[in-house]
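This is a predicted model, with the sequence first.
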Amino acid sequence: MILHAIGLMSGTSLDGLDICFARFEKKDFWNFDILRAETIPYPKNWEEKLRNSIHLSAEELLELHSEYGFYLGKSARNFIGKHQLENVDLIASHGHTVFHQPQKKFTLQIGDGRAIKIENKLPVIYDFRSQDVLMGGNGAPLVPIGDELLFSEYDACLNLGGFSNISLKINEKRIAFDIAPVNIVLNKLVEKFNKSFDENGDLARTGKIDEDLLFKLNSLKFYKQSQPKSLGIEWCNEFIFPEFENMDAIDLLATFTEHVAQQISSVINEYQLKNILFTGGGTYNSYLIQKIKEKTTAEIIIPEREIIDYKEALIFAFMGVLRLNNEINVLSSATGSSYDHSSGIIV
Ligand SMILES: Nc1ncnc2c1ncn2[C@@H]1O[C@H](COP(=O)(O)OP(=O)(O)OP(=O)(O)O)[C@@H](O)[C@H]1O
Ligand SMILES: CC(=O)N[C@H]1[C@@H]2OC[C@@H](O2)[C@@H](O)[C@@H]1O[C@H](C)C(=O)O
């Protein structure tokens, strides 16, 4: 079986919309080939709209859900036109997460899939997380199904995005969980320097680690919880940002980078991982990578740019393919829901 799919992913860092067009073929195993991929940076007004979405009234949020759906649909249409793609079988869209509170059984990714369908007249699969949280799961992370079926040659896959999450296999069972917030915090800290991110970790490199703050951060309850577990921006607002009052921004960057490196390496060491595939924009933060390497003997594998940047969009495209075939696309061992299932609304 061969299917060609587009995956749309809007990450927590709000740097842009990742679009990945890939070919998937199932023989004994699934194979993939990324054919085209692109990040469409958000225009300032869209970045702001999405960033402010948590403060909207219910009515305004519904309006944004439609408007952003058309934005996604048009972006996919432009991408198809620009690359003259004639064989797209489906579009799978993650949407943009506004609220994520699995303990209260809700999660919201805006960007109405029906609007994407109107713009493209192709099968669209969207809303991949809600079913899982209704079933008592965390609704995240979802990419482990792709790690399991497309990247099984690695001991573990680790994503350094807005948050850091890992998926790994123990006793033939794939588990996954969020490790710590990463770029969502680092990006906020560099706003003071009129930058959108700490390129290669160069600012953090010059700062001084505040041992008291480091201890406080490492003592947060989340780090002691057992998996499955996941983080949301609400958690950073409540537990991370209040710790930052009155401190030098450079030292905060240095301390937080050290904190992330410690949390990540402690997971690598705890599970005695031998080789780990690193992806997500934080992989370009050479200072953070250097710090992680100093704290573990595991092999850190940094793949080609296409995989670093588009693995998540690729896996959402793949989840759409699985959904269309009615195959399992959410692993309950990763999300903590009651059983493996095939998730996503098809229109
Ligand atoms: N050269 C670089 N040096 C340091 N950090 C970088 C570099 N390039 C990208 N980044 C970081 O990576 C971020 C983007 O990463 P990515 O696109 O993986 O995040 P995301 O998809 O929004 O997150 P998530 O996976 O949590 O949804 C940027 O906002 C920036 O913080
Ligand atoms: C609720 C939500 O959007 N979670 C994202 C977020 O960004 C990274 C981390 O937090 C991960 O749990 C998840 O995304 C990835 C793609 C996932 O579900 O696997």
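Right, received. Where do you want to start? Ligands and ions are numbered 1, 2, ... in the order given.

Quick check, Val143 in contact with Ser167.
Yes. If you go by CB atoms under 8 Å, Val143 and Ser167 touch, sitting 6.8 Å apart. The way it works is simple: take the backbone N, C-alpha and C, and place the C-beta from them, glycine included.

Name the residue most distant from the centre of this structure?
In the chain, the residue that sits farthest from the middle, by CA atoms, centre = their mean, is Asn246; the gap is 30.5 Å.

Name the secondary structure element that contains it.
Counting by DSSP states H and E, no helix or strand carries Asn246.

Confirm for me that Val38 is in contact with Met9.
No Val there; residue 38 is Glu. No. Contact criterion CB under 8 Å: Glu38 and Met9 do not qualify, at 11.7 Å.

between the two, what contacts are shared?
Common neighbours of Glu38 and Met9 are listed as Asp18 (criterion: CB atoms under 8 Å, 6 or more residues apart in numbering).

Between these two, tell me which one has more neighbours.
Met9 (25 against 18; other CB atoms under 10 Å).

so how far is Ser167 from the closest residue to His100 other than its chain neighbours?
In this structure, His100 finds its nearest non-sequential neighbour in Gly232, 4.1 Å apart by CB to CB, 6 or more residues apart in numbering. Here Gly232 is placed at a distance of 18 Å from Ser167 (CB to CB, to the nearest Å).

Look at those two and report which has more neighbours.
Using other CB under 10 Å as the criterion, Gly232 and Ser167 rank with Ser167 on top: 26 against 21.

what bridges to the more buried one?
With DSSP bridges as the criterion, Ser167 is bridged to Cys157, Ala176.

show me what contacts it?
141, 143-144, 147-148, 156-157, 174-176, 334.

out of these, who's nearest Asp15?
The closest of the contacts of Ser167 to Asp15 turns out to be Val143 (CB to CB; 18.0 Å).

The closest one - nearest residue in space that isn't next to it in sequence?
Per CB to CB, 6+ apart, closest to Val143 is Ile315, 4.7 Å.

The one you found: neighbouring residues, count only.
The number of residues near Ile315, taken as other CB under 10 Å, comes to 29.

For the stretch 51-200 of the chain, which segments count as helices?
In the stretch 51-200 of the chain, the helices defined using DSSP state H, counting those that start in this stretch lie at 58-82, 113-120, 130-134, 144-150, 183-190.

Out of those, which is the most enclosed?
Stretch with highest mean neighbour count among the helices of the stretch 51-200 of the chain: helix 144-150 (a mean of 23; mean count of other CB atoms under 10 Å).
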